[in-house]
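Participant: no letters, just coordinates:
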Ligand code: GLA
């Protein structure tokens, strides 16, 4: 419910368990009052501290700077007194910056409007508060949107800027969310990584100054994830408070937590101001992407489950989100660039016999691509490799009872390609400079409408050529040389954001035209694993690192926010191609079960023993798949923390059944059997495990002793069913 109390000038948003409260100091300045466990009282304006120095401007105008620099802002603006991190910078026709945003009006309505051209949460059982602020001298208006869903303890925030003045303006910075709070000795939790080790959890006390997570790579990135949380000291999976922000966007971002002089904390998130400048003509508006704000008073676990449910119910649109995905075999680690029709059909046949349901032809099928040196942009079949063409191959694969999927990297162009030779101006480039290569490729300038049409045409023709059920949409380099031969000088700063918008537009067009397509996004592994992509694809390739042990850390960090149903996870061959580690085939299977599940190997090339295990692994995927996709996730132990073992549990929504995955990474000698404490069960119910009966409360409070395992890298699955 959203209410406005005219007497106290207080806006209050209540979900089932949380409240978000905004006040208006002097009837003008939108200030943050409260975000946390649900409150019943509405008389909360005293929390703005406007009765103490420096007071409000109407009472003490001579200290307006001190007011602006200490007031808990709902949307921080700089240049007129607030020296903390700002959310908005606009340069006017006079070449000046600085705003004084004050309240003009508000609107409370049922539902939630879509964000023009951007992915965002959706759902009918929702309510929205829209606050309009204005900078009176320039006529610049800022619309702050706050939406809630009846079934989620989260607040969705976004910002729209309207140029209500008579001259063009330039937006140099527009962040989407700001949270000003008193310091409670917070720690910051973030996800950091690199190629092949994405989203490792990282936690550190917040000291004076700023803690920043950011990407200026043109993608959400392997390195920093567009997520930031403030957690109370000692916060665990089950206790402590968490304030988390997650950005529904796939390009450059900035996330910052700043501990300021008066012991206040400001947390902000939005599009990174670097390489960003957006020209706004009079009457035009700019829509900034959405930030999801989640609060938990029961530790990280509750935050995780709030994100999981929100994304499953209100972000992912694909009809496949709750459906079993076809178990696939991907040609990448099986053959890299070394394949032809014959080899692929052999791979398909062997795979089909083992119960694998889809063949995905990865990189290497087009142009003259036999390595990563060229051909991106030449999206026509390499007939030398694929004799008989795409349709012949797909028909043959279909005849084996398998679906067919294909790899595309539509945003890219190789210097060694027909399309580049014809259109060198289509690549991103800075004037009078040769653009930097990355994986021997350039990025297409998607601000050019004819490039977007060309790209879409290539995608469409490929998908029309044969019966293609799945697309892996890859993006294998970061954006550099952000210059366009098309945009005028005063719009060059729009290029990076325009690239992201064009990717959204292309995927939207593709999904509208091919509604049955299963789309998996990918970016050199998991560099564009973000909620923006989830709006288009129900799954994202998590990491190029398929080693079972490394995956435990990567998947734990990913599962912190993302439902397991979206995490691309495959069983690959050993020694692992990325780290050289040898782990048992069974363990690789168990680890991949905590995701979409599939294979990244050639079954003809693995041992007979391992090959024989594939049908059993697929049976496990079918058995646990629904629970994994739909259930509640609980983290029981973390290998990243203890460096010995990993354990997570999934409980069905009705708490009728649960499954626990336990992976012993290192076998410690002379150690007694491990005990784990289950979570999320029905305390009063009796559960059957290993043919014995246990009370739910006992399993949660007193724990369970696990069977001992011998050796490193061992895994087991434990099943619990209500009696
Ligand atoms: C990226 C992907 C891989 C594979 C290769 C192909 O690295 O993450 O899975 O598709 O590209 O070049």
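Facilitator: Cool, the structure landed. Since we're looking at a predicted model, the values are computed, not measured.
Participant: tell me where the stretch 451-600 of the chain has strands.
Facilitator: Taking DSSP state E, counting those that start in this stretch, the strands of the stretch 451-600 of the chain run over residues 470-473, 518-521, 539-541, 567-568, 571-572, 598-600.
Participant: residue 672: neighbouring residues, count only.
Facilitator: 8 (other CB atoms under 10 Å). Heads up, the C-betas are built off the backbone N, CA and C, glycines and all.
Participant: distance of it from residue 662?
Facilitator: Distance, residue 672 to residue 662, using CB to CB, to the nearest Å: 15 Å.
Participant: so what touches stretch 684-703?
Facilitator: 655, 658, 675-679, 681-683, 704, 718-723 (CB atoms under 8 Å, 6 or more residues apart in numbering).
Participant: meant to ask about stretch 96-111
Facilitator: 2-4, 11, 24, 27-30, 75, 77-80, 88-91, 124, 126-138, 140-142, 172.
Participant: are any of the residues you listed buried, and which?
Facilitator: 2, 11, 24, 28-30, 75, 77-79, 88-91, 126-135, 138, 140-142 (16 or more other CB atoms under 10 Å).
Participant: need the pLDDT of the residue in the chain positioned nearest to the ligand.
Facilitator: Closest contact between the chain and the ligand, by CB to the nearest ligand atom, is at residue 363 (3.5 Å). Here, the pLDDT recorded for residue 363 equals 98.
Participant: check for me that it belongs to a helix.
Facilitator: No - counting by DSSP: H, G, I helix; E, B strand; the rest coil, residue 363 is not part of a helix but coil.
Participant: burial measure for it, as a count.
Facilitator: 20.
Participant: that one: what's its closest spatial neighbour, skipping adjacent residues?
Facilitator: Excluding the flanking residues, the one nearest residue 363 by CB to CB, 6 or more residues apart in numbering is residue 407, at 5.3 Å.
Participant: got the contact list for that neighbour?
Facilitator: Counting by CB under 8 Å, 6+ apart, residue 407 has contacts 332, 360-363, 365, 471-472, 474.
Participant: kindly provide the distance from it to residue 456.
Facilitator: 17 Å.
Participant: mind checking the end-to-end distance for stretch 649-663?
Facilitator: For stretch 649-663, the first-to-last residue distance is 12 Å (CA to CA, to the nearest Å).
Participant: and that stretch, which residues are buried?
Facilitator: 649-652, 655, 657-663.
Participant: check those one by one and keep those near the ligand.
Facilitator: The subset of these within reach of the ligand, by CB under 6 Å from any ligand atom, is empty.
Participant: tell me the pLDDT at residue 197?
Facilitator: Value for residue 197, per-residue pLDDT: 97.
Participant: where's it, which helix or strand?
Facilitator: Remark: residue 197 resides in no helix or strand, with elements defined by DSSP states H and E.
Participant: surely it meets residue 542?
Facilitator: No - look at residue 197 against residue 542 with CB atoms under 8 Å: they stay out of range, at 11.3 Å.
Participant: between these two, what contacts are shared?
Facilitator: Shared contacts of residue 197 and residue 542, defined by CB under 8 Å, 6+ apart, comprise residue 554.
Participant: ok, these two, which is more surrounded?
Facilitator: More crowded of residue 197 and residue 542, by other CB under 10 Å: residue 542, with 28 against 20.
Participant: measure that one to residue 59 for me?
Facilitator: When residue 542 is compared with residue 59 (using CB to CB), they lie 55 Å apart.
Participant: also residue 390?
Facilitator: 74 Å.
Participant: between the two, which one's more packed in?
Facilitator: The residue with more neighbours, out of residue 390 and residue 59, is residue 390; 22 against 13, by other CB under 10 Å.
Participant: now do the SS call for that one.
Facilitator: helix.
Participant: identify the residues contacting stretch 70-77?
Facilitator: Contacts of stretch 70-77 (CB under 8 Å, 6+ apart): 22, 25, 29-33, 48, 54, 82, 84-88, 99-101, 131, 133, 135, 142, 144, 159, 178, 180-181, 262, 264, 266, 268.
Participant: ok now it, how far from the chain's centre?
Facilitator: Computed by CA atoms, centre = their mean, to the nearest Å, the chain-centroid distance of stretch 70-77 equals 27 Å.
Participant: how about stretch 189-198?
Facilitator: Counting by CA atoms, centre = their mean, stretch 189-198 comes out at 13 Å from the chain centroid.
Participant: please see if it touches the ligand.
Facilitator: No - contact of stretch 189-198 with the ligand (CB under 6 Å from any ligand atom) is absent, the minimum separation being 8.5 Å.
Participant: can you list the buried residues in that stretch?
Facilitator: Neighbour-count burial for stretch 189-198, counted by 16+ other CB under 10 Å, picks out 189-193, 195-198.
Participant: what does stretch 347-362 give?
Facilitator: Neighbour-count burial for stretch 347-362 flags 347-352, 354, 356-362 (criterion: 16+ other CB under 10 Å).
Participant: what's the farthest-apart pair in those residues?
Facilitator: Maximum pairwise distance among the buried residues of stretch 347-362 (CB to CB): 19.1 Å, between 354 and 362.
Participant: near the ligand, which residues of this structure are found?
Facilitator: For the chain, the residues in contact with the ligand (CB under 6 Å from any ligand atom) are 332, 362-363, 372, 407, 474, 476, 522, 524-525, 541, 544.
Participant: and with 5 Å instead?
Facilitator: Within the chain, the residues that sit near the ligand (CB under 5 Å from any ligand atom) are 332, 362-363, 522, 524-525, 544.
Participant: which of those has the most neighbours?
Facilitator: Of these, with other CB under 10 Å as the count, residue 522 tops at 28 neighbours.
Participant: just give me the neighbour total for the closest residue to it other than its chain neighbours.
Facilitator: Counting by CB to CB, 6+ apart, residue 522 lies nearest to residue 541, which is 3.8 Å off, once chain neighbours are set aside. The tally of other residues near residue 541 (other CB under 10 Å) stands at 27.
Participant: can you map out the helices along this structure?
Facilitator: 64-70, 299-314, 331-335, 341-354, 389-399, 418-422, 449-465, 495-513, 531-534, 548-559, 585-592, 608-630, 639-642, 696-701 (DSSP state H).
Participant: for those, which one ends up most surrounded?
Facilitator: helix 531-534 (a mean of 27; mean count of other CB atoms under 10 Å).
Participant: against which helices or strands is it packed?
Facilitator: On a contact count with 3 or more CB pairs under 8 Å, 6 or more residues apart in numbering; DSSP states H and E, helix 531-534 meets strand 242-248.
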